[in-house]
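Colleague: this is a predicted model, with the sequence first.
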Amino acid sequence: MKAVTWQGKRKVSVEEVPDPVIQEPTDAIIRITSTALCGSDLHLYEVLGPYMNAGDIVGHEPMGIVEEVGSAVTNLKRGDRVVIPFQIACGECFMCRQGLQTQCEVTQVREKGSGAALFGYSELYGSVPGGQAEYLRVPHADYGPIKVSSEGPDDKYLFLSDILPTAWQGVQYANVPDGGTLAVYGLGPVGQFAARIGTHLGYRVIGIEPQAERRELAARHGAEVLDFSKDMGDELREMTQGRGPDSVVDAVGMEAHGSHVGSFAQAAVGLLPDALAQKAMETAGTDRLSVLHSAIDAVRRGGTVSLSGVYGGTASPMPLMTMFDKQLNFRMGQANVKRWIDDLLPLVEDSSDPLGVMDLVTHRAGLEAAPELYEKFQKKEDGCIKVVFQPGLNQAS
């Protein structure tokens with residue numbers, strides 16, 4: 001089969017690799033019909049290369065058709081249409097029963113001190129082959145896959161794999177009071193959905209983003225929008241009776257711009273041999289923290305900062321005096337996809353499309369276009385906000 005593979009910093013290629021096969025009774029094999037490019041994939045492309053190996057299959061936002069199931073899988077059959085959550089969870093352990101599927105005790109990558117295994121996401125999360133491919137082996141298929149209707153376009157359901165529950169959890173964790181104000185830093189795919197979810201739930205939403213086309217898209221779905229600036233906190237306080245927003249979602253993470261120290265640290269780590277680079281990332285501050293520090297400054301006293309963007313540095317410096325003095329609340333973590341599906345599935349199936357799932361994709365192509373579109377997405381060129389690969393599609397659109 002064809003698959004998108006990691007080959008080095010800022011380098012992916014489409015290669016012929018062996019088809020996946022059933023390895024455990026709880027496995028399933030899925031024929032991929034759509035698979036998306038996520039902002040988190042750029043972390044592998046740029047920052048987390050020390051944890052990657054040449055030839056690793058990337059991607060963690062797939063959906064498709066069940067081709068084969070293991071002997072212990074009774075909830076799926078050949079021909080079922082399914083969305084695959086980005087994390088691999090058993091559904092039965094203590095953590096899964098708490099709705100913390102990203103901490104699954106069966107699939108935790110203990111040798112790296114990490115939570116549940118993830119598709120296509122480096123040694124940190126199990127080096128499991130990912131979903132930017134023609135076929136995917138799905139472990140724990142007796143729990144993970146989300147069965148969806150055979151009717152309607154893939155885009156209607158695809159984002160249940162990651163970015164829609166990530167945004168939903170981010171807003172839930174933000175603990176916005178009724179009628180309150182939610183600021184969303186970063187209007188990439190997760191930020192777009194976080195802003196739309198906030199509006200859907202009745203909050204005033206202010207989106208902050210340096211790219212004009214991303215601001216325009218968020219404004220189309222009801223958000224007030226601002227360009228990012230060094231005076232962000234003052235601007236937000238002026239809009240909110242001098243207090244600042246009640247809650248902030250940071251949907252940017254370690255790829256944030258504007259931090260020269262973080263940028264230098266990331267570049268320096270990338271020049272080290274893998275073993276040394278891993279150690280540096282695990283013991284040093286390698287994140288670009290301009291957005292997070294701005295969020296801490298802007299949020300009102302007693303407010304909540306919710307982190308949906310991924311951070312990678314272990315010793316990243318934080319303004320603890322300000323955090324303590326302002327009596328701030330923090331929630332964070334990878335999205336527990338299955339926890340939120342009962343809330344989200346009726347919304348994506350609603351014909352009025354209240355979260356705008358049909359108004360996000362800007363680029364669509366076959367797998368062969370992956371190298372070009374990874375670069376466009378990282379550089380934010382050509383209005384690239386969300387990329388969907390469809391195996392077998394010949395041209396980009």
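Modeller: Thanks, I have the structure now. Numbering: from 1, shown residues only.

Colleague: C-alpha from now on. contacts and neighbour counts both.
Modeller: Noted.

Colleague: any weak-confidence spans in this structure?
Modeller: In the prediction, the chain carries residues with pLDDT under 70 at positions 255-287, 312-315, 394-397.

Colleague: quick one, helices of it?
Modeller: Using DSSP state H, the helices found in the chain span residues 39-46, 94-97, 155-158, 163-174, 189-200, 212-220, 232-238, 260-270, 274-283, 290-298, 320-325, 337-349, 370-379.

Colleague: so which elements touch the third one?
Modeller: So that's helix 155-158. Other helices and strands packing on helix 155-158, by 3 or more C-alpha pairs under 8 Å, 6 or more residues apart in numbering; DSSP states H and E, are strand 28-37, helix 337-349.

Colleague: what's the most buried one of the ones you listed?
Modeller: strand 28-37 (a mean of 26; mean count of other C-alpha atoms under 10 Å).

Colleague: listing partners with orientation, what would you give for that strand?
Modeller: strand 62-69 (antiparallel), strand 135-138 (antiparallel), strand 387-389 (antiparallel) (DSSP bridges).

Colleague: for that strand, what is the distance to the chain centroid?
Modeller: The chain centre lies 17 Å from the centre of strand 28-37; the measure is C-alpha atoms, centre = their mean, to the nearest Å.

Colleague: if we can go back for a sec, possible to save the helices and strands packed on helix 155-158 as a markdown table with distance to residue 359?
Modeller: Listed next are the helices and strands packed on helix 155-158 as a markdown table, based on distance: least, C-alpha to C-alpha, whole Å:
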| stretch | distance to residue 359 |
| --- | --- |
| strand 28-37 | 14 |
| helix 337-349 | 12 |
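
Colleague: can you redo the strands paired with strand 28-37 as TSV with mean neighbour count and distance to residue 295?
Modeller: Shown next, in TSV, are these (neighbours: other C-alpha atoms under 10 Å; distance: least, C-alpha to C-alpha, whole Å):
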stretch	mean neighbour count	distance to residue 295
strand 62-69	24	32
strand 135-138	26	37
strand 387-389	25	28
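
Colleague: can you put these in CSV and add distance to residue 84?
Modeller: What follows is those, written out as CSV (distance: least, C-alpha to C-alpha, whole Å):
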stretch, distance to residue 84
strand 62-69, 6
strand 135-138, 8
strand 387-389, 15
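
Colleague: please identify which of those strands is closest to residue 226.
Modeller: Proximity to residue 226 (C-alpha to C-alpha) singles out strand 387-389 among the strands paired with strand 28-37, at 24.2 Å.

Colleague: circling back to that earlier point, okay, the helices of the chain in CSV with distance to residue 60 next?
Modeller: Conversion of these to CSV gives the following (distance: least, C-alpha to C-alpha, whole Å):
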stretch, distance to residue 60
helix 39-46, 8
helix 94-97, 20
helix 155-158, 11
helix 163-174, 10
helix 189-200, 14
helix 212-220, 23
helix 232-238, 33
helix 260-270, 23
helix 274-283, 22
helix 290-298, 25
helix 320-325, 34
helix 337-349, 12
helix 370-379, 14
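
Colleague: out of the helices and strands packed on helix 155-158, which is closest to residue 97?
Modeller: helix 337-349 (9.6 Å).

Colleague: tell me what the closest one is packed against?
Modeller: helix 155-158, helix 163-174.

Colleague: show residues contacting the first one.
Modeller: Applying C-alpha atoms under 8 Å, 6 or more residues apart in numbering, the set of residues contacting helix 155-158 from outside is 34, 35, 36, 61, 62, 63, 83, 148, 348, 349, 357, 358.

Colleague: if I pick the last one, what's in contact with it?
Modeller: With C-alpha under 8 Å, 6+ apart as the criterion, the residues that contact residue 358 are 155, 156.

Colleague: next one: the fourth one
Modeller: Under the criterion of C-alpha under 8 Å, 6+ apart, the contact list for residue 61 reads 35-38, 84-86, 131-132, 158-159, 161-162.

Colleague: the same query, at a cut-off of 7 Å, please.
Modeller: Neighbouring residues of residue 61 by C-alpha atoms under 7 Å, 6 or more residues apart in numbering: 35, 36, 86, 131, 161, 162.

Colleague: which non-adjacent residue is nearest the first one?
Modeller: Translated: residue 35. Nearest non-adjacent residue to residue 35, counting by C-alpha to C-alpha, 6 or more residues apart in numbering: residue 62, 4.1 Å away.

Colleague: can you check residue 120 too?
Modeller: residue 130 (3.6 Å).

Colleague: rewinding a little: for residue 4, find the nearest of the helices of the chain.
Modeller: Comparing the helices of the chain by their distance to residue 4 (C-alpha to C-alpha), the top pick is helix 370-379, with 6.9 Å.

Colleague: touching, residue 73 and residue 142? I think so.
Modeller: Yes: between residue 73 and residue 142 there is a contact under C-alpha atoms under 7 Å: 4.9 Å.

Colleague: off-centre distance for stretch 174-183?
Modeller: Centroid separation between stretch 174-183 and its chain, computed with C-alpha atoms, centre = their mean, is 22 Å.

Colleague: kindly export it (C-alpha atoms) in CSV.
Modeller: C-alpha atoms of stretch 174-183 as CSV (Å, rounded to 0.1, in the frame of the first residue of the first chain):
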residue,chain,number,x,y,z
ALA,A,174,-12.2,26.4,30.0
ASN,A,175,-15.2,26.5,32.4
VAL,A,176,-16.8,29.6,30.8
PRO,A,177,-19.6,31.0,33.0
ASP,A,178,-23.0,31.4,31.4
GLY,A,179,-23.0,34.4,29.1
GLY,A,180,-19.2,34.7,29.7
THR,A,181,-16.4,35.7,27.3
LEU,A,182,-14.0,33.1,25.8
ALA,A,183,-10.8,34.1,24.1
